[in-house]
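Novice: no sequence on hand, only this structure:
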Ligand SMILES: Cc1ncc(COP(=O)(O)O)c(C=O)c1O
């Protein structure tokens, strides 16, 4: 079927993400991808600045991942994880346990970031139930935070200025406060914890960078403060590394930069190098031990149908091979330096509020973006795929992007907002 046919025939039947279907401009039909490029069905080629929502850290179609998935497809694409296990999943669990700090060594697989967050929350709630404390049902979460689109994850996402405004008042209520980035916000959080300590199951935060809530950065000391506070009130500390994990902030995991080991960590996105959906919720020993019992009621009653999918685990193992064999973290450092230098040209341009870079995340925050869709279209005219949201224009390229390709992305930003 030709492009005209499949787009026109199909678009009336698909429901697109984060889209007012009535007023949205039509999406761009893609024919294929190649390293850091997206080839459109009409032949145009775009340099990709987003890496498909931060997943394609090795570029698209990396031959090592493709071969691993092809091999696995021939052998066994999937087998249920209930009562059965397989080499790819167990190898991946072991490798993640080795890579993660401290005793984060028990891996529960699922298929998406939001579900990994739901599982982390469920784990934290049941951790307390299993220990005989049924009153710990609340989470502390942070302004600017985003943890996914399922109901539990939405409930710990900042409702202000977010996407889930319409659900206000309908979701389970948790406590959303400022990150303890300074003395005043630290004191405010201490007060909340002191007042409600016996109701708090856990604190959940995206370490170092709050992504979809506005690409906001905080420092390692904030995370150290959170660790100390969680310890004082006995709550579990959950790091959502779905965006920050696998090199994006300059270290394999963001928590390493703070020297903090959370009690539970969630992973997804770049886990498979952007090829097949997979997520993981990883618990420390003491969390797992709260479920270890002769009592069946103390088991974690969760088991997504496609849990531990063999194709996805094969892709993730291949992705970890690439982190071992290829200089990914050095590439992130080089991207960081190049973006810092090239995006600096945006400082002082009309309407620019802030320019910041951390790892392979470059952000130009505007006072406001009036015409988001027009802005996105302007970038396409410049031959790049950049997808601003809210008041933020950002780059999260694949780590394999060539310096001249990265320059095309940063130049496009400078040109478009300067014009
Ligand atoms: C920090 C964080 N947590 C959770 C999610 C949700 O992941 P998914 O879209 O795979 O459900 C995202 C997605 O952007 C995220 O950035």
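Specialist: Nice, I can see it. Bear in mind that the values here come from a model prediction, so they are computed numbers and not experimental data.
Novice: and the longest helix along the chain, how far from the chain's centre?
Specialist: For the chain, the helix with the greatest residue count under DSSP state H is helix 113-130. Mean-position distance between helix 113-130 and its chain equals 17 Å (CA atoms, centre = their mean, to the nearest Å).
Novice: elements contacting that helix?
Specialist: The contact analysis (3 or more CB pairs under 8 Å, 6 or more residues apart in numbering; DSSP states H and E) places helix 113-130 against strand 104-110, helix 151-155, strand 200-205, strand 236-240, strand 264-267, strand 279-284, helix 285-289. (C-beta placed from N, C-alpha, C; glycine too.)
Novice: columns mean pLDDT and mean neighbour count on top of those, output as JSON lines?
Specialist: Formatted as JSON lines, these follow (pLDDT from 0 to 100; neighbours: other CB atoms under 10 Å):
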{"stretch": "strand 104-110", "mean pLDDT": "98", "mean neighbour count": "22"}
{"stretch": "helix 151-155", "mean pLDDT": "97", "mean neighbour count": "21"}
{"stretch": "strand 200-205", "mean pLDDT": "98", "mean neighbour count": "26"}
{"stretch": "strand 236-240", "mean pLDDT": "98", "mean neighbour count": "29"}
{"stretch": "strand 264-267", "mean pLDDT": "99", "mean neighbour count": "28"}
{"stretch": "strand 279-284", "mean pLDDT": "99", "mean neighbour count": "26"}
{"stretch": "helix 285-289", "mean pLDDT": "98", "mean neighbour count": "15"}
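Novice: distance to the ligand added to these, as a markdown table?
Specialist: Listed next are the helices and strands packed on helix 113-130 as a markdown table, based on distance: least, CB to the nearest ligand atom, whole Å:
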| stretch | distance to the ligand |
| --- | --- |
| strand 104-110 | 10 |
| helix 151-155 | 6 |
| strand 200-205 | 9 |
| strand 236-240 | 5 |
| strand 264-267 | 7 |
| strand 279-284 | 7 |
| helix 285-289 | 19 |
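Novice: residues in contact with the closest residue to the ligand within the chain?
Specialist: Closest residue of the chain to the ligand, CB to the nearest ligand atom: residue 113 (2.2 Å). Residues in contact with residue 113 (CB atoms under 8 Å, 6 or more residues apart in numbering) are 148, 240, 242, 266, 268-269, 279.
Novice: let's see that with 10 Å instead.
Specialist: 53, 55, 146-150, 153, 240-243, 266-269, 271, 277-279 (CB atoms under 10 Å, 6 or more residues apart in numbering).
Novice: before we move on, back to that, going on from the longest helix of the chain, what's the next piece of helix or strand?
Specialist: Following helix 113-130 in sequence order, the next helix or strand is strand 138-142 (DSSP states H and E).
Novice: strands paired with that next one, and their directions?
Specialist: Neighbouring strands of strand 138-142 in its sheet, by DSSP bridges, are strand 175-177 (parallel), strand 200-205 (parallel).
Novice: residue 36: which of those strands is closest?
Specialist: strand 200-205 (30.3 Å; CB to CB).
Novice: so how far is that closest one from its chain's centroid?
Specialist: Relative to the chain's own centre, strand 200-205 is displaced by 18 Å; criterion: CA atoms, centre = their mean.
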